[in-house]
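Asks: Structure for this input, please:
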Amino acid sequence: MNTHFVKPVHAARERNARRAARMASRRGSGVIVVVLVLAAMQLVMLGSVTSSGDESAVSSLRVDGIRAFFAGESGAIVASKTVMASLTPPAADSTLAIGSAQVKFVTVPDPTLGGTLTLDGTSGEVTRRIRVTLADPSSP
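Replies: I've put the predicted structure just below:
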């Protein structure tokens with residue numbers, strides 16, 4: 001048997017084995033990098049979803065605040081028009097539903113004397129208090 005060719009073949013096999021081991025370790029590190037990148041992207045997405053949920057809750061409260069204000073203002077108009085028309089105004093602690101909002105008449109002054117009308121407009125979790133000063137209708 002010729003021994004000249006055995007060493008190079010054996011050396012070539014060793015080189016191939018080392019090369020395959022290096023490639024396997026590179027593939028393993030590539031998988032780790034991909035997993036880390038995916039985890040980072042997931043954290044970014046989670047942060048954006050959480051912040052958009054907060055923004056929608058704030059927007060909902062703003063809409064309810066506007067509805068509550070306009071409900072209270074509508075109640076003030078109703079009460080002041082009844083006083084101006086010499087009709088009986090809404091009773092204190094009575095409630096008037098306006099769409100999805102409500103108006104509670106907290107204090108209602110005597111229509112002949114005038115005074116401060118206090119109302120609470122409510123929509124959802126938001127309440128707005130409105131005070132209107134009604135003058136004596138007989139005064140100029």
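
Asks: State the distance from the residue nearest to Ala135 when sequence neighbours are not counted to Ser80.
Replies: Distance criterion Cβ to Cβ, 6 or more residues apart in numbering; nearest residue to Ala135, sequence neighbours excluded, is Gly114 at 4.8 Å. For glycine as for every other residue, the C-beta is placed from the backbone atoms N, C-alpha and C. To Ser80, Gly114 is 11 Å away according to Cβ to Cβ, to the nearest Å.

Asks: what residues are shared contacts of the two?
Replies: Common neighbours of Gly114 and Ser80 are listed as Leu134 (criterion: Cβ atoms under 8 Å, 6 or more residues apart in numbering).

Asks: ok, which stretches of the protein are strands?
Replies: Listed in chain order, the strands of the chain (DSSP state E) span residues 94-98, 101-107, 115-123, 126-134.

Asks: The ones you listed into TSV, with extra columns for mean pLDDT and mean neighbour count?
Replies: Converted to TSV, the strands of the chain look like this (pLDDT from 0 to 100; neighbours: other Cβ atoms under 10 Å):
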stretch	mean pLDDT	mean neighbour count
strand 94-98	90	13
strand 101-107	93	20
strand 115-123	92	20
strand 126-134	91	16
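
Asks: Can you convert the ones you listed into CSV and add a column each for distance to Glu73?
Replies: Below are the strands of the chain laid out as CSV (distance: least, Cβ to Cβ, whole Å):
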stretch, distance to Glu73
strand 94-98, 10
strand 101-107, 9
strand 115-123, 7
strand 126-134, 6
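
Asks: So which of the ones you listed is nearest Ser56?
Replies: Proximity to Ser56 (Cβ to Cβ) singles out strand 126-134 among the strands of the chain, at 15.5 Å.
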